[in-house]
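Student: Below are the sequence and a predicted model for it; my questions follow.
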Amino acid sequence: MITNERLSWKQIREHYPRQWVVLIDHERLSHDLAGFKTARVLAIGDSRAEATERARPELDSIREWGCHFTGPLRGPLFGYRPWFIP
């Protein structure tokens, strides 16, 4: 499943609720390199492994991609230490 339609994160969440999505061709935000304005959906799945496996044939030729969950996040956020002072 490759879509040529560029979608915002809000649109992706509306189209694919509570799914793992493999995104490619990110249009980056100028002020936030971790975020993106729009992207194209390469594959979806009920788990990260399923979505990645569905995208696997195309991933060899794609340099930048990401797998994201469109539902609410649960559990600990690893690496998040609000009170850490080096």
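Tutor: Good, I have the coordinates.

Student: Is the residue positioned nearest the centre of the chain bridged to anything, and to what?
Tutor: The C-alpha lying nearest the average C-alpha coordinate of the chain belongs to residue 68 (C-alpha atoms, centre = their mean; 3.2 Å). Beta bridges link residue 68 to residue 21 when assigned by DSSP bridges.

Student: is it true that it touches residue 26?
Tutor: No - counting by C-beta atoms under 8 Å, residue 68 stays clear of residue 26, with 10.8 Å between them. (Each C-beta comes from the backbone N, C-alpha and C, glycine too.)

Student: Residue 10 belongs to a helix, doesn't it?
Tutor: Yes - under DSSP: H, G, I helix; E, B strand; the rest coil, residue 10 sits within a helix.

Student: where does it land on pLDDT?
Tutor: Predicted confidence (pLDDT) for residue 10: 92.

Student: Just the buried residues of the longest helix along the chain, please?
Tutor: Identified as the longest helix of the chain according to DSSP state H is helix 48-59. By neighbour count on 16 or more other C-beta atoms under 10 Å, the buried set for helix 48-59 is 51, 52, 54, 55, 59.

Student: For the nearest residue to the fourth one once chain neighbours are set aside, grab the count of nearby residues.
Tutor: When you say that, I think you mean residue 55. What sits nearest to residue 55 in space, not counting adjacent residues and going by C-beta to C-beta, 6 or more residues apart in numbering, is residue 43, at 3.7 Å. Using other C-beta atoms under 10 Å, residue 43 has 25 neighbouring residues.

Student: who does the strand or helix carrying residue 43 touch, helix- and strand-wise?
Tutor: Under the criterion of DSSP states H and E, residue 43 resides in strand 36-45. The contact analysis (3 or more C-beta pairs under 8 Å, 6 or more residues apart in numbering; DSSP states H and E) places strand 36-45 against helix 9-15, strand 20-28, helix 48-59.

Student: Good, wrapping up.
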